[in-house]
Every structure is written in C-alpha cells, then in structure tokens.
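> Need a 3D model of the following:
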Amino acid sequence: MIEQTDEAVYREVQRWSLRSRCLLLVLCVLGVAGGVFSAAVILTQDPHQWPLLPVVVICGILVPAGIGFLIWVARLETEVRQGGLYIRYVPFHRRFKKFKAEDLSEYHARTYRPVLEYGGWGIRCGWKGRAYNVSGNRGVQLVFRDGGRVLIGSSKPSELEAAIRSIVHEN
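Model prediction:
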C-alpha cells in the first residue's frame, strides 16, 4: 500500500498506442460480426443446432468484445517513491505492486525485443524473467538480490533509471 505522504519522485502512465487500440477495435468488431452472423445462421437452420447458440454467443461475441474492452482501458502506471518502485497494470492490478529498493542488485535502461524475449506486450513471463510493458521496445531491467528479473517498459527509460538510482542511493 502506498503512503499518502510518500511523494512520487517519478510517475509515468502508458497506454496502448491509438493505432494499436483502433486496429484491435476493428478486429474485435469483425469478431463480433462473425459471431452474430454465426448465431443468425444457427437460428435460421435446423432447430436441433440451437443448443450451440450459447457457445457461439460466448465465443463469437462476448470474448472478442471483452478482449477489446480490456485492451482499450489497459494502462501501465509506474511510480518511483522513497519506499520503492510501484507498478500497476490496470485493469489487472487493483493495487500497486511494490519492488523495494533494498532488494535490487542492479538496474539499467535497455532496449529489448518484446516478442522474442517475453512473448509480446502486457504482463508477460519469458525466458528472461517477467515483463510489464504496453508498447515499444525500451524499458528498465531490474535484477534482484535473489536472482529474479523484471523488466518495466517505459517511454522514458533513462528518466526512470535516474529516479530509481535516486531512491537506491537514499536507502
């Protein structure tokens, strides 16, 4: 939990790019249209196929619409405070996830390959550890004393690295 008196040294809010969100919206609309078309075909065909209607509605309409909604509202909030680094990937995290400064053994800004290293964007686990990213290919790599690794995507990785450095040296 974040203390109300704990001022943010650094704050960044990232969203999927408008182009990505619009492309996703088009794909979801096409998916929903396909689901509606499939449901209409089932309704006009043999009544024995009506038990398939709920499956078509769920898979063809609700799933694409739900995925589209989640991506449309998704955002990565990153804050550096005296207590540590906090991230929250809305709507998947209700509260901020805290990474303590004293647990870090190293951190550095870097360019990475999202698809090859982590399997894409979002909250990902890959062969290089966990990643929280929205878009792009830049971020700050955190390496913890226990050997764990987390990459935080950022559109301003050098500023994020400097903010982390400021709290690590104070602790």
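> Please make it C-alpha for all contacts and neighbour counts, starting now.
Will do.
> Neighbours of Gln45, how many?
Gln45 is surrounded by 11 other residues when neighbours are defined as other CA atoms under 10 Å.
> ok, for the residue nearest the centre of the chain, nearest residue in space, not its chain neighbours?
With distances taken as CA atoms, centre = their mean, Gly122 lies nearest the centre of the chain, 3.1 Å away. Taking CA to CA, 6 or more residues apart in numbering, and ignoring the residues beside it in sequence, Gly122 has Asn133 as its nearest neighbour in space, at 5.2 Å.
> what's that neighbour in contact with, if anything?
Contact criterion CA atoms under 8 Å, 6 or more residues apart in numbering gives Leu76, Trp121, Gly122, Ile123, Leu151, Ile152, Gly153, Ser154 as the residues in contact with Asn133.
> Serialize the residues you listed to TSV and add fields for pLDDT and secondary structure.
Conversion of those to TSV gives the following (pLDDT from 0 to 100; DSSP: H, G, I helix; E, B strand; the rest coil):
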residue	pLDDT	secondary structure
Leu76	95	strand
Trp121	86	coil
Gly122	87	strand
Ile123	90	strand
Leu151	96	strand
Ile152	97	strand
Gly153	95	strand
Ser154	95	coil
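> Out of these, flag the one nearest to Arg15.
Of all the contacts of Asn133, Leu76 has the smallest distance to Arg15: 6.5 Å, by CA to CA.
> can I assume Arg124 sits in a strand?
Yes - Arg124 sits within a strand when classified using DSSP: H, G, I helix; E, B strand; the rest coil.
> can you pull out the strands in this protein?
8-15, 75-81, 84-90, 97-99, 104-111, 122-126, 129-133, 138-144, 149-153 (DSSP state E).
> Quick one: closest of these to Val55.
Ranking the strands of the chain by distance to Val55, with CA to CA as the measure, places strand 122-126 first at 27.5 Å.
> what's that closest one packed up against?
For strand 122-126, the elements it packs on are strand 129-133, judged by 3 or more CA pairs under 8 Å, 6 or more residues apart in numbering; DSSP states H and E.
> and the strand it packs on with strand 75-81, angle?
Using axes from the mean of the first three to the mean of the last three CA atoms, to 10 degrees, the direction of strand 129-133 lies 110 degrees away from that of strand 75-81.
> what does the average pLDDT come to for strand 129-133?
Per-residue pLDDT over strand 129-133 has a mean of 93.
> my guess is Ser17 meets Ser135, correct?
Yes - Ser17 is within contact range of Ser135, at 7.2 Å (criterion: CA atoms under 8 Å).
> Okay, domains of the chain per the record?
The chain breaks down by automatic domain parsing into domains covering 8-14+74-170, 17-73.
> For these, which has the smallest mean pLDDT value?
domain 17-73 (a mean of 74).
> start to end distance for that one?
Taking CA to CA, to the nearest Å, the span from the opening residue of domain 17-73 to its closing residue is 12 Å.
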